[in-house]
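# how would this look folded up:
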Amino acid sequence: MSIRHGLLALLERGPRYGSQLRTEFESRTGATWPLNVGQVYTTLNRLERDGMVVQDGEDSAGHALYVITDAGCSELKSWFETPVDRSSPPRDELAIKLAMAVGASGVDIRDVIQSQRRHTVKAMQDYTRLKAQALAAVEGKGPKERDDVAWLLVLEQLIFQTEAEARWLDHCEARLIRLSAAAGPGPGPGVPPPHGTPPAHGASQPRQSSTTSAASTTSAASTTSTTGAGAVSPAHPARSS
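All right, here's what the predicted structure looks like:
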């Protein structure tokens, strides 16, 4: 997440002070990635050092106002036009946990998978409920609020992300069962035998988990249209959490 560019995007709409930028950033993203005022002012100081913002007076309450410079506008334009780099993916705690669980003493990797699956499906369901609320706000008869549309897009990204994680966990469990069955009697190379009676060689597929059904239901819900949400006006609605 680029706090730097997020603040530049907000400043492009006009002068802002630090805590105002924090409030608007969290309103736009539904407080999914909360900021503290210290982060905001540290970032503003770096942007000012780099010539992308300048302080420009104060408001009536004495808050120092920041404005974006031409260099800041150019940087923001470049950010919007440049794809997010996926060649160096960030560290993923779950992927690291499963990698370390393979062959770890006293750890059944399938228990780790099943515990995570329950948590992931619960998160997916929570995001879907929040999406229904956001859709109601966006598709209501009133003006389309800019922040409601932005929050809806963030929620849909979270839904797709958790859905993909749930499917990956199902895949991991199926992969482990196939590897264990292929290894034959006795423990495989770092792969624990399946729970209960070992399955026959030809019966290596796991039973369908509740994740598949939940993911499919959520996938259908996540494709709901947002048609008509193009015209928006600035606002800062309260979010349900």
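# Could you give the number of residues near His171?
11 (other C-beta atoms under 10 Å). All C-beta atoms are positioned from the backbone trio N, CA, C, and that covers glycine.
# Oops, could you answer that again for Arg13 instead?
Neighbour number of Arg13 under other C-beta under 10 Å is 11.
# if I pick the most centrally placed residue in the chain, what's in contact with it?
In the chain, the centroid-proximal residue (C-alpha atoms, centre = their mean) is Leu158; its distance is 4.5 Å. By C-beta atoms under 8 Å, 6 or more residues apart in numbering, the contact list for Leu158 reads 32, 123, 127.
# Report the buried residues of the helix or strand where it lies.
Assigned by DSSP states H and E, Leu158 falls within helix 146-183. Going by neighbour count (16 or more other C-beta atoms under 10 Å), the buried part of helix 146-183 is 146-152, 154-156, 158-160, 162-163, 165-170, 172-173, 176-177, 180-181.
# Off-centre distance for that helix?
Centroid separation between helix 146-183 and its chain, computed with C-alpha atoms, centre = their mean, to the nearest Å, is 12 Å.
# Torsion angles phi and psi at the nearest residue to Thr162 once chain neighbours are set aside?
Among residues not flanking Thr162 along the chain, Met124 sits closest, at 4.1 Å (C-beta to C-beta, 6 or more residues apart in numbering). Torsion angles at Met124 (phi, psi; degrees, to the nearest 10) stand at phi -60, psi -40.
# Verify the stated contact: Met124 with Glu163.
Yes. Met124 lies in contact with Glu163 (C-beta atoms under 8 Å); the separation is 6.0 Å.
# per-residue pLDDT, Ala182?
In this model, Ala182 is scored at 85, pLDDT.
# Please report how far it lies from Leu176.
Look at Ala182 and Leu176: by C-beta to C-beta, to the nearest Å, they are 11 Å apart.
# go on, Val154?
If you go by C-beta to C-beta, the gap between Val154 and Leu176 works out to 33 Å.
# for the host helix or strand of Ala71, which positions count as buried?
In this structure, Ala71 sits in helix 70-81 according to DSSP H and E. By 16+ other C-beta under 10 Å, the buried positions in helix 70-81 come out as 72, 75-76.
# contacting residues around the very next helix or strand once past it?
The first helix or strand that comes after helix 70-81 along the chain, using DSSP H and E, is helix 93-101. For helix 93-101, contacts defined as C-beta under 8 Å, 6+ apart pick out 107, 109, 112-113, 116, 165, 172.
# just stretch 69-76 next, same as before
5, 8-9, 11-12, 47, 50-54, 68.
# Let's have these in CSV, adding neighbour count, distance to Ile96 and pLDDT.
Supplementary listing: the contacts of stretch 69-76 in CSV, determined by neighbours: other C-beta atoms under 10 Å; distance: C-beta to C-beta, whole Å; pLDDT from 0 to 100:
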residue, neighbour count, distance to Ile96, pLDDT
His5, 18, 28, 95
Leu8, 22, 32, 96
Ala9, 17, 32, 95
Leu11, 24, 36, 96
Glu12, 13, 37, 94
Leu47, 23, 33, 96
Asp50, 13, 34, 96
Gly51, 12, 39, 96
Met52, 24, 35, 97
Val53, 24, 37, 97
Val54, 13, 42, 97
Ile68, 23, 38, 97
